[in-house]
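Trainee: Predicted model, plus sequence, below.
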Amino acid sequence: MALIPATTLMQAALANHDAIGHFNINGPDWLETYLNVAEETKTPIIVATSDRIMDFLGGFDFMSQYVRFMIQALRITVPVVLHLDHGLSVEHVFQAIDAGYTSVMFDGSKLPIDENVALTKKVVAYAHQRHVSVEAEVGSVGGNENGLINGVRYASVTDAVKMAATSIDSLAAALGSVHGDYVGRPKLNFERMAAIAEATKLPLVLHGASGIPDDQIQQAIQTGTAKININTEVNTVWTEAVAKALQQKRSGHDPQPILTAGKQAMARLVESKMNDFHILGKSDRLTAMR
Ligand code: 13P
């Protein structure tokens with residue numbers, strides 16, 4: 001199946017009280033694992049590249065072509081979205097769209113809200129003409145993402161409503177989650193989440209979902225979260241599995257068993273997340289909606 005924008009999948013998830021999993025690509029093994037798990041379990045998936053590591057990944061054109069190639073090579077039939085995570089500038093977002101990304105996030109969360117809204121509007125105009133879905137952020141997700149450290153700033157209903165007026169397709173309203181590891185127990189503001197969901201009617205996106213306890217994930221889904229972003233937990237299980245395989249040194253200098261252990265650990269985690277998000281096995285949803 002060709003790559004698709006995220007809009008219909010998120011709308012359907014919102015209506016059905018489940019959530020699409022967004023998983024970050026950190027190298028070829030990540031992409032291969034995500035696509036294989038999605039296909040084996042018949043689950044729609046969003047695969048994402050963070051703008052901050054685009055040079056490491058080979059750039060937008062390479063990733064766009066590579067994801068398309070892998071979809072063909074692995075005979076993937078389930079719906080797949082290729083998403084730009086945390087687009088750092090309007091120029092970068094346009095580059096991703098021109099390269100063939102089917103979904104983009106413009107992250108203007110460090111700007112004053114009116115500037116964030118004005119730039120997001122530009123992104124929406126460019127993206128929607130090209131059938132690409134747009135995610136924006138209000139408030140600020142805290143934590144450490146690829147070396148960038150932020151404090152948490154809770155999204156306000158007023159800012160969320162201003163942002164919704166740009167015709168974005170989904171909203172990352174920061175409500176207490178952080179990228180990377182949590183220090184202490186995360187505490188999402190569900191009252192605010194409900195108010196933002198009600199006021200904007202948009203599918204909400206939960207960033208920094210690694211390490212959020214399942215009861216809060218479930219409550220987020222019930223409160224209008226339709227897309228859930230996971231990066232850190234995937235990288236943690238990969239690192240642990242690779243470290244263990246290296247320690248066991250069963251393979252001498254053969255990298256294959258070591259990297260396979262990493263892929264298997266990621267596959268188990270991704271499947272369990274899809275199950276937690278109640279999206280496992282729901283790849284026929286788009287067809288069912290037609
Ligand atoms: P984690 O670091 O909690 O996995 O969050 C990932 C994320 O939100 C990517 O945008």
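Mentor: Structure received.

Trainee: In which helix or strand does whichever residue of the stretch 1-150 of the chain sits closest to the ligand reside?
Mentor: The minimum distance from the stretch 1-150 of the chain to the ligand, using CB to the nearest ligand atom, falls at residue 85 (4.7 Å). No exception for glycine: its C-beta is placed from N, CA and C like everyone else's. Take DSSP states H and E as the rule and residue 85 turns out to sit in strand 80-87.

Trainee: residues from this structure in reach of the ligand?
Mentor: 24, 85, 179-180, 207-210, 229-233 (CB under 6 Å from any ligand atom).

Trainee: Would you mind writing the CA trace of the strand or helix carrying residue 241 as PDB?
Mentor: Per DSSP H and E, residue 241 falls inside helix 232-248. Extracted C-alpha coordinates of helix 232-248, given in PDB (Å, rounded to 0.1, in the frame of the first residue of the first chain):
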ATOM      1  CA  THR A 232      12.800   6.100  24.300                       C
ATOM      2  CA  GLU A 233      11.300   2.800  25.300                       C
ATOM      3  CA  VAL A 234      12.200   1.300  21.900                       C
ATOM      4  CA  ASN A 235      15.800   2.500  22.200                       C
ATOM      5  CA  THR A 236      16.000   1.200  25.800                       C
ATOM      6  CA  VAL A 237      15.000  -2.300  25.000                       C
ATOM      7  CA  TRP A 238      17.300  -2.300  21.900                       C
ATOM      8  CA  THR A 239      20.300  -1.100  24.000                       C
ATOM      9  CA  GLU A 240      19.600  -3.600  26.700                       C
ATOM     10  CA  ALA A 241      19.200  -6.500  24.300                       C
ATOM     11  CA  VAL A 242      22.300  -5.600  22.300                       C
ATOM     12  CA  ALA A 243      24.300  -5.100  25.500                       C
ATOM     13  CA  LYS A 244      23.200  -8.500  26.800                       C
ATOM     14  CA  ALA A 245      24.100 -10.200  23.500                       C
ATOM     15  CA  LEU A 246      27.500  -8.500  23.500                       C
ATOM     16  CA  GLN A 247      28.200  -9.700  27.000                       C
ATOM     17  CA  GLN A 248      27.200 -13.300  26.200                       C
END
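
Trainee: list the buried ones in it?
Mentor: Neighbour counts over helix 232-248 (16 or more other CB atoms under 10 Å) mark 232, 233, 234, 235, 236, 237, 238, 241, 242, 245 as buried.

Trainee: what's the closest non-adjacent residue to the first one?
Mentor: Take residue 232 and drop its neighbours on the chain: the residue closest to it by CB to CB, 6 or more residues apart in numbering is residue 210, 3.7 Å away.

Trainee: what about the one you found, how many neighbours?
Mentor: 24 (other CB atoms under 10 Å).

Trainee: residue contacts, it?
Mentor: By CB atoms under 8 Å, 6 or more residues apart in numbering, the contact set of residue 210 is 180, 181, 230, 231, 232, 233, 234, 236.
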